[in-house]
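S.K.: just to be clear, the model below is a prediction. Sequence and coordinates:
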Amino acid sequence: MAAIELWTWNTPNGRKISVALEEMGLAYTVRPVNISKGEQFNPEFLKISPNNRIPAIVDPDGPGGEPISVFESGAILLYLGMKTGQFWPQDRRAQVPVLEWLMWQMGGFGPMPGQVHHFLQVENEADRRYGLERYMKETRRLYGVLDKRLGLVEYVAREVSIADFAILGWAWRHERHQVDLAEFPNVRRWYEAMMARPGTKRGFEVALS
């Protein structure tokens, strides 16, 4: 099987995909996109990621044996799950929580801690304080939502799924969010279980930049 090209950088969204590729046992090559140097605006990259955001993939062995490119990390996870049949249940009822928690991550547990990352670097003290108060409060609320869910089930959709990979990419940065997982014991239990998986471990170790 031809190797998938992973166009990415060492970010939470990038790590979601390297983890998924490793867990699924797919061959891939990393195409670093140095976002600190503006390489996400290169015409070559914009052809496959028109929103100039990493990650994106090119699968030479797409549907019908024809190449296909996919951008947006959530869409990539869904594509890979459907392609391989792994970490994406076939039962439609079981698919619902995977979709729910994947969308929860894409809509909140990513954008909100991402704003924390931003405001931690703001120099103006008043602006920084306002931003951190607003977005850290929401980030902690989201950790609480996740903790409550993981008090009921072992993984967010009961079995390990692409939704876990999506959420893990951001939970990986919990220290940067200034969140102590000791305050969220169910999240910590899940986080440690995920990080102990060999495929996940490889996905975090592979060089993306």
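M.R.: Here it is on my side, so go on.
S.K.: residues near residue 92, how many?
M.R.: Applying the criterion other CB atoms under 10 Å, we find 7 residues in the vicinity of residue 92. (Glycine included, C-beta is placed from N, CA and C.)
S.K.: tell me how many other residues crowd residue 132.
M.R.: Look at residue 132: counted by other CB under 10 Å, it has 18 neighbours.
S.K.: the residue nearest to residue 68 when sequence neighbours are not counted: how many residues sit nearby?
M.R.: Nearest non-adjacent residue to residue 68, counting by CB to CB, 6 or more residues apart in numbering: residue 62, 3.1 Å away. Each residue near residue 62 was counted by other CB under 10 Å, and the total is 16.
S.K.: I'd say residue 33 and residue 54 touch.
M.R.: Yes - between residue 33 and residue 54 there is a contact at 5.1 Å, judged by CB atoms under 8 Å.
S.K.: shared neighbours, those two?
M.R.: Common neighbours of residue 33 and residue 54 (criterion: CB atoms under 8 Å, 6 or more residues apart in numbering): 7-9, 40.
S.K.: now the buried members of the residues you listed.
M.R.: Among the shared contacts of residue 33 and residue 54, the ones that count as buried by 16 or more other CB atoms under 10 Å are 7-9, 40.
S.K.: keep only those of those residues that are in strands.
M.R.: Among these, the members found in strands (DSSP state E) are 7-8.
S.K.: could I get the buried ones among the shared contacts of residue 33 and residue 54 as JSON lines with pLDDT?
M.R.: JSON lines is the format used below for those (pLDDT from 0 to 100):
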{"residue": "7", "pLDDT": "98"}
{"residue": "8", "pLDDT": "98"}
{"residue": "9", "pLDDT": "97"}
{"residue": "40", "pLDDT": "98"}
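S.K.: among the buried ones among the shared contacts of residue 33 and residue 54, which pair sits farthest apart?
M.R.: When those are compared pair by pair using CB to CB, the farthest-apart members prove to be 8 and 40, with a separation of 10.4 Å.
S.K.: what touches both of those two?
M.R.: Common contact partners of residue 8 and residue 40 (CB under 8 Å, 6+ apart): 33, 54.
S.K.: domains in the chain, by residue range?
M.R.: 4-87+200-205, 92-197 (automatic domain parsing).
S.K.: any idea how far apart the tips of the first one sit?
M.R.: From its first residue to its last, domain 4-87+200-205 covers 18 Å (CA to CA, to the nearest Å).
S.K.: mind listing the strands for this protein?
M.R.: In the chain, the segments counted as strands under DSSP E are 4-8, 28-32, 56-59, 68-71.
S.K.: in TSV, list these along with distance to residue 45.
M.R.: Output for the strands of the chain, formatted as TSV (distance: least, CB to CB, whole Å):
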stretch	distance to residue 45
strand 4-8	6
strand 28-32	9
strand 56-59	7
strand 68-71	10
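S.K.: so which of those strands is nearest residue 116?
M.R.: Shortest separation from residue 116 across the strands of the chain is recorded for strand 4-8, at 21.7 Å, computed as CB to CB.
S.K.: neighbouring strands of the closest one in the sheet, and parallel or not?
M.R.: strand 28-32 (parallel), strand 56-59 (antiparallel) (DSSP bridges).
S.K.: that'll do, ta.
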